[in-house]
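Chemist: Model the structure of this input:
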Amino acid sequence: MSKLLKQTRRYLSIYWLLCKNSFMAEMEYRINFLFGAVIEIAYLAIKLLYVLVVYRAGVKVNGLTPDGILLCVGSFTFMTGIYSLFFYSNFTRLPGHIRNGTLDMMMTKPVSLQFLATLQRLNFGFSSTNIVAGIIIIVIAWKRLELPLTLANIGMYTVFTFCGIVLNYVLFLLPSLLTFWTVQSKGINEASTLIWEMNHMPMNIYGKSIQFVGSFLLPVFLISNYSPFYVLERLSIGKMLWGLAAPVLFLIVSRLLWKRALRSYTSASS
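Modeler: Reported below is the predicted structural model:
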């Protein structure tokens, strides 16, 4: 146990250094930082237009009121910020590391290669707007829905949000691993973006077959739907258990596939 705690502290200290380096790198080009934030504000305004249409129509979507949809949109917006902050840049850079040989250099470092290759860079410019806006939207929707601020609601919302972050990492790492065999990743990145955008509105808008695939086979809907669905009392016990088990299962799968991908890796400098 003491060894595990020591390793955890070591990796946290390393990650803190990576965070500081990423922030300082972005501050060297502050116009780019501000430009990224402005772009995200524009995208956010477009997303909120869908919610405005729902409010104007005053209809429910499979039992979800406009305020319930707003809570789901807020959760999606927050998770979009988390995805942009921690994962997106690293996953899109992975093919370049494979082609250019920089992955070889990472292999020489005395830390986990997966940790370094998939978590070393953070993008603050494109993420900060979504994270802040997502929290504001969640608070507004929570108040409009008059949801009780109980320990169970706040605690389980946080737990399912954390599970969503883990799934966010592993599910969108899996297609990126294909670049070890294909190298080119433009189509893979575009497909990942389309899959991610399926969470833009609650999963209730889709048919039962799509909901099944998006909940169990490729559980992308768990990322931003299960946390608001819990406080809206729309999750069965079975779905709650799956929402807790899926991140662990897919984390194991992603780790196994990472090791398999490395065995197929041919050094760019060899």
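
Chemist: Run through the stretch 1-150 of the chain and note the low-pLDDT ranges.
Modeler: Judged by pLDDT under 70, the stretch 1-150 of the chain has its weakly predicted residues at 36.

Chemist: ok, which stretches of it are helices?
Modeler: Along the stretch 1-150 of the chain, the stretches classed as helices by DSSP state H, counting those that start in this stretch are 2-27, 30-57, 66-82, 89-100, 102-107, 113-119, 125-144.

Chemist: Residue 258 is nearest to which of those helices?
Modeler: For these, proximity to residue 258 was assessed by CB to CB; helix 113-119 is nearest, at 5.2 Å. Placement of C-beta: from N, CA and C, glycine included.

Chemist: Stretch 222-230: end-to-end distance?
Modeler: Length of stretch 222-230, first residue to last, CA to CA, to the nearest Å: 11 Å.

Chemist: contact partners of that stretch?
Modeler: 68, 71-72, 74-76, 78-79, 153, 156-158, 160-161, 163-164, 167-168, 171, 199, 202-203, 215, 235, 239-240, 242-243, 246 (CB atoms under 8 Å, 6 or more residues apart in numbering).

Chemist: what number of residues lie near the residue nearest to residue 246 when sequence neighbours are not counted?
Modeler: Nearest residue to residue 246, sequence neighbours excluded (CB to CB, 6 or more residues apart in numbering): residue 219, at 5.0 Å. The tally of other residues near residue 219 (other CB atoms under 10 Å) stands at 23.

Chemist: Please apply the same query to residue 82.
Modeler: Neighbours of residue 82 using other CB under 10 Å come to 21.

Chemist: Would you mind finding the most buried of the helices of the stretch 1-150 of the chain?
Modeler: Comparing these by mean neighbour count (mean count of other CB atoms under 10 Å), helix 66-82 ranks first with a mean of 24.

Chemist: Who are the packing partners of that helix?
Modeler: helix 30-57, helix 125-144, helix 151-176, helix 226-231 (3 or more CB pairs under 8 Å, 6 or more residues apart in numbering; DSSP states H and E).

Chemist: Can you tell me the closest non-neighbouring residue to residue 142?
Modeler: Leaving out its chain neighbours, the residue that sits closest to residue 142 by CB to CB, 6+ apart is residue 71, at 6.7 Å.

Chemist: Repeat that for residue 93.
Modeler: Counting by CB to CB, 6+ apart, the residue nearest residue 93 is residue 121, at 6.9 Å.
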